[in-house]
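> The sequence isn't on hand, but the structure is:
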Ligand SMILES: C[S@@+](CC[C@H](N)C(=O)[O-])C[C@H]1O[C@@H](n2cnc3c(N)ncnc32)[C@H](O)[C@@H]1O
């Protein structure tokens with residue numbers, strides 16, 4: 001059987017932040033006349049266990065843990081009116097069906113589709129009194145700018161994005177510009193070359209065999225994340241001032257969890273709640 005386990009201690013940290021936010025968000029909107037959606041665009045299977053690469057380091061948490069779909073189903077004070085789980089792996093969708101059968105009275109839709117198709121469709125169908133929290137929790141660099149922009153345009157969605165810091169830093173070599181294949185992928189993530197290319201500058205030295213100065217990356221992974229956050233600020237009503245850096249067992253940053261709110265009226269309170277959790281939890 002294929003090993004579909006993933007994650008490590010940072011997965012727990014990320015899901016704890018999500019859980020706290022979902023509880024506070026649903027409580028804050030408890031008496032408002034909105035229909036509340038939760039959308040898990042990279043839903044997984046409802047549970048997770050540490051990836052085989054990490055399991056031996058973390059004997060104390062080998063057992064199955066609650067994944068984001070189950071966490072969203074179990075908000076304490078007020079439930080989401082509808083939950084949409086988007087997952088492109090059909091085997092994981094089968095596990096989500098089992099999760100759904102545990103909650104027969106809840107409105108749960110499982111969409112076995114690529115998020116790049118399913119998410120813009122969801123955005124297009126949002127009604128005037130709908131509000132949503134969308135969780136973008138990919139393994140690596142699957143979140144395209146096209147998806148993010150569609151969410152921002154709704155003016156109805158708050159979203160948590162797991163920005164894959166280490167994967168993106170690997171796509172941006174320090175001593176040379178990215179290959180054209182990597183540059184095309186970075187364009188999809190940042191929504192255009194002009195939004196990441198100023199992390200590169202001409203090298204101050206010319207080697208013996210070079211006619212032109214090489215381009216070198218000037219920014220570290222903090223600056224890459226900063227650049228992405230600036231990009232979010234250009235389309236969302238408000239973005240939480242800092243993201244939570246998630247580190248692996250060797251203390252290297254691997255992801256940054258960022259929060260952005262699209263509704264101009266609701267954004268200040270949403271960002272205050274999310275920012276407080278990011279900074280203090
Ligand atoms: C990190 S896991 C999600 C874990 C989940 N949030 C949880 O807490 O249990 C990422 C999931 O995204 C799915 N996935 C990857 N690319 C996708 C895409 N383009 N569209 C939809 N799902 C995708 C993978 O199959 C995987 O199940």
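Arrived safely, thanks for sending. In this text, all values refer to a predicted model and were calculated from it rather than measured experimentally.

> and residue 71, what does it touch?
Residue 71 makes contact with 15, 18, 19, 22, according to Cβ atoms under 8 Å, 6 or more residues apart in numbering. The way it works is simple: take the backbone N, C-alpha and C, and place the C-beta from them, glycine included.

> okay, now the residue of the chain found nearest the ligand: neighbour count?
Closest contact between the chain and the ligand, by Cβ to the nearest ligand atom, is at residue 67 (2.4 Å). Neighbourhood size, residue 67 [other Cβ atoms under 10 Å]: 26.

> again, but for the one 3 residues further on
Residue 70 is flanked by 20 other residues according to other Cβ under 10 Å.

> Residue 127 too?
Neighbours around residue 127, by other Cβ under 10 Å: 7.

> And for residue 102?
Quick note: residue 102 (other Cβ under 10 Å) scores 11 neighbours.

> now swap in residue 274 and tell me
Residue 274, neighbours per other Cβ under 10 Å, totals 28.

> try residue 204
Counted with other Cβ under 10 Å, residue 204 comes out at 8.

> Any chance of JSON lines for the contacts of residue 71, columns pLDDT and neighbour count?
Converted to JSON lines, those look like this (pLDDT from 0 to 100; neighbours: other Cβ atoms under 10 Å):
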{"residue": "15", "pLDDT": "96", "neighbour count": "20"}
{"residue": "18", "pLDDT": "98", "neighbour count": "22"}
{"residue": "19", "pLDDT": "97", "neighbour count": "20"}
{"residue": "22", "pLDDT": "98", "neighbour count": "23"}
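
> Surely the residue of the chain closest to the ligand and residue 42 touch.
No: look at residue 67 against residue 42 with Cβ atoms under 8 Å: they stay out of range, at 10.5 Å.

> List the ones among the contacts of residue 71 that fall in helices.
15, 18, 19, 22 (DSSP state H).

> want to throw those into a markdown table with distance to the ligand?
Output for the ones in helices among the contacts of residue 71, formatted as a markdown table (distance: Cβ to the nearest ligand atom, whole Å):
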| residue | distance to the ligand |
| --- | --- |
| 15 | 6 |
| 18 | 8 |
| 19 | 10 |
| 22 | 12 |
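
> Of these, just say which sits nearest to residue 240.
residue 18 (13.3 Å; Cβ to Cβ).

> Quick one: residues contacting that closest one.
Residue 18 sits in contact with 68, 71, 135, 160, where contact means Cβ under 8 Å, 6+ apart.

> Taking these together, which two end up most distant?
Checking these with Cβ to Cβ, the most distant pair is 71 and 160, at 11.8 Å.

> Helices of the stretch 51-200 of the chain, start to end?
52-55, 68-73, 90-102, 115-124, 145-154, 165-171, 180-190 (DSSP state H, counting those that start in this stretch).

> Please tabulate those helices in CSV, including the columns mean pLDDT.
CSV is the format used below for these (pLDDT from 0 to 100):
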stretch, mean pLDDT
helix 52-55, 51
helix 68-73, 98
helix 90-102, 97
helix 115-124, 97
helix 145-154, 98
helix 165-171, 96
helix 180-190, 98
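
> ranking the ones you listed by burial, who's on top?
Sort the helices of the stretch 51-200 of the chain by mean neighbour count, taking mean count of other Cβ atoms under 10 Å, and helix 68-73 sits at the top with a mean of 23.

> Quick one: neighbours of residue 191, just the number.
Counted with other Cβ under 10 Å, residue 191 comes out at 17.

> I'd guessed it sits against residue 149; true?
Yes: Residue 191 is in contact with residue 149 according to Cβ under 8 Å; the separation is 6.7 Å.

> Just say helix, strand or coil for residue 249.
coil (DSSP: H, G, I helix; E, B strand; the rest coil).

> Alright, that wraps it up for me.
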